[in-house]
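Q: Prediction below, plus the sequence it came from.
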Amino acid sequence: MAATSSVPELRRTGFARRLPAELSELAGPAHGHVDLPPHLVWSGLSRFDLDQPRLRMSCYRIVLAEGQHDDLVCYLNRELLVTMWPVLRTLISRDVRDVWENAFSDLNPDAQAAA
């Protein structure tokens, strides 16, 4: 009988497939308004002012949770993500957080503390 993967393992595998190869690929805007498409936000607020910290955080939470590879590189900005990560990591699912922190040392608090 073939080994079965747990639900968290399957979720993490799905999130890992979406990741950019490097954080430098995240070329989204750092300021202004972002209008997220319906496949990311199917109800509620879809326009986010990145100059307002709470709206920026909400936008990033949605994109990290729902976005595919092209969404991640289009809507996320490397510098904003790294700057926001200490707080943002507490607001996203453990699966998303673990995948991103394992893939990118810039986001891994253990790697940052060892540096």
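A: Cool, got the structure. Bear in mind that the values here come from a model prediction, so they are computed numbers and not experimental data.
Q: Find the residue at the geometric middle of this structure.
A: Averaging the C-alpha coordinates of the chain gives a centre point, and the residue nearest to it by Cα atoms, centre = their mean is L64 (2.9 Å).
Q: In three-state terms, label that residue for me.
A: Of the three states, L64 takes helix according to DSSP: H, G, I helix; E, B strand; the rest coil.
Q: Could I get the contacting residues of it?
A: Neighbour list for L64: L72, L76, L88, I92, V96, W100 [criterion: Cβ atoms under 8 Å, 6 or more residues apart in numbering]. C-beta here means a position set from N, CA and C on the backbone, and glycine is covered the same way.
Q: Do you have the helices of this structure handy? List them.
A: Read by DSSP state H, the chain holds these helices, from start to end of the chain: 7-18, 53-66, 69-75, 78-88, 94-103, 109-114.
Q: which intervals of the protein have sub-threshold pLDDT?
A: Within the chain, the set of residues satisfying pLDDT under 70 comprises 1-4, 111-115.
Q: Mind doing that once more with 50?
A: Using pLDDT under 50 as the threshold, the predicted model of the chain has low-confidence ranges 1-2.
Q: what's around the nearest residue to V87 once chain neighbours are set aside, how many residues?
A: Take V87 and drop its neighbours on the chain: the residue closest to it by Cβ to Cβ, 6 or more residues apart in numbering is M57, 7.1 Å away. Taking other Cβ atoms under 10 Å as the neighbour definition, M57 ends up with a count of 16.
Q: so M57 makes contact with L88?
A: Yes - assessed by Cβ atoms under 8 Å, M57 is found in contact with L88 at 6.3 Å.
Q: can you tell me which residues contact R61?
A: L88, L91, I92.
Q: Let me have those in CSV, adding distance to L50 and neighbour count as columns.
A: Converted to CSV, these look like this (distance: Cβ to Cβ, whole Å; neighbours: other Cβ atoms under 10 Å):
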residue, distance to L50, neighbour count
L88, 13, 21
L91, 16, 14
I92, 18, 16
